[in-house]
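Trainee: the following block contains a protein sequence and its predicted model.
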Amino acid sequence: MNMNGAWLAKAEYALPALSKESAAAPKAPEQPAGLLAGSIFNGMIHPLTPFTLTGVIWYQGESNTGRAYEYRTIFPMLIDDWRQRFQRADLPFYFCQIANYLPKLDKPGESAWAELRESQTCALKLPSTGQAVLIDLGESADAHFRNKKDAGDRLARIALAKLYGKDMVFSGPVYRSMNIEGATIRLSFDQAEGGLKPGRWRRRMTWSVAPARPRRLCAIAPMANWKASRSAARTTNGPGPTLASMGMR
């Protein structure tokens with residue numbers, strides 16, 4: 001059929017002109033306050049469930065800092081739910097711990113961001129999970145820090161080691177246990193081959209030590225034999241220590 005030449009068109013019916021009110025664009029539906037997990041999941045994740053995935057990389061979680069403790073419950077629930085929907089009980093799920101953000105404090109104190117990091121770490125109890133720690137990559141004035149290259153490298157190392165069987169370091173030291181020995185707290189770590197030492201960006205590693213009467217102090221920690229201990233007898237002026245936490249300065 002030859003389609004060349006002028007085309008003719010005929011209007012069967014001409015609609016009447018719209019009123020000024022009717023001609024205005026319809027009002028968009030109002031978005032409920034906050035980010036709705038259900039709408040994001042239905043729009044971006046659920047359409048993928050018929051497909052086979054090698055694994056999941058999750059980034060990141062800062063929107064949950066307002067309910068940081070709750071995250072240790074809902075984050076594992078999300079992982080379990082995705083594994084059920086993709087019909088893979090061992091679906092690898094590797095995630096980034098939220099990076100450092102906001103001004104640095106001279107002394108330890110309450111922090112929803114730190115609490116959320118702990119909640120994220122609790123998800124490692126599930127099988128086939130891995131966490132990339134980003135505590136040294138963040139920026140105090142920008143939650144969306146620029147150095148995503150190192151974040152991606154750490155996630156890649158986890159996947160290469162745990163999923164693809166590569167013999168390589170994929171994690172920094174991970175806390176294992178704490179023993180109180182009189183006036184000394186002895187901390188043990190996994191993934192600490194070669195011992196603990198500050199990285200090239202940090203001049204010293206510090207510990208927060210809490211005596212029996214709640215009071216927190218910072219002290220330089222000696223490193224030896226994959227374990228770190230700090231005698232609190234000279235700093236607490238009272239009963240031995242009860243708690244310890246690690247930090248960089």
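Mentor: Nice, thanks for sending it over.
Trainee: next one: Met77 relative to Ala14, how far apart?
Mentor: Met77 sits at a distance of 58 Å from Ala14 (criterion: CB to CB, to the nearest Å). Quick note: C-beta positions are derived from backbone N, CA and C, even for glycine.
Trainee: now do Gly130
Mentor: 65 Å.
Trainee: same thing with Phe145?
Mentor: Taking CB to CB as the criterion, Phe145 is separated from Ala14 by 59 Å.
Trainee: so these two - more neighbours on which side?
Mentor: Here Phe145 and Ala14 are set side by side on neighbour count (other CB atoms under 10 Å), and the busier one is Phe145, at 17 against 6.
Trainee: I figured that one hits Ala99, correct?
Mentor: Yes. With contact defined as CB atoms under 8 Å, Phe145 reaches Ala99; the gap is 5.5 Å.
Trainee: helices along this protein, start to end?
Mentor: Along the chain, counting by DSSP state H, helices occupy 20-23, 37-40, 71-85, 112-122, 148-162, 233-236.
Trainee: and those, which is most packed in?
Mentor: Mean neighbours per residue, mean count of other CB atoms under 10 Å, is largest over the helices of the chain for helix 112-122, with a mean of 18.
Trainee: packing partners for that helix?
Mentor: Using 3 or more CB pairs under 8 Å, 6 or more residues apart in numbering; DSSP states H and E as the contact criterion, the secondary-structure elements in contact with helix 112-122 are helix 71-85.
Trainee: now Glu139: how far from Ala99?
Mentor: The spacing between Glu139 and Ala99, counted by CB to CB, is 8 Å.
Trainee: oh, I was asking about Asn147
Mentor: Distance, Asn147 to Ala99, by CB to CB: 9 Å.
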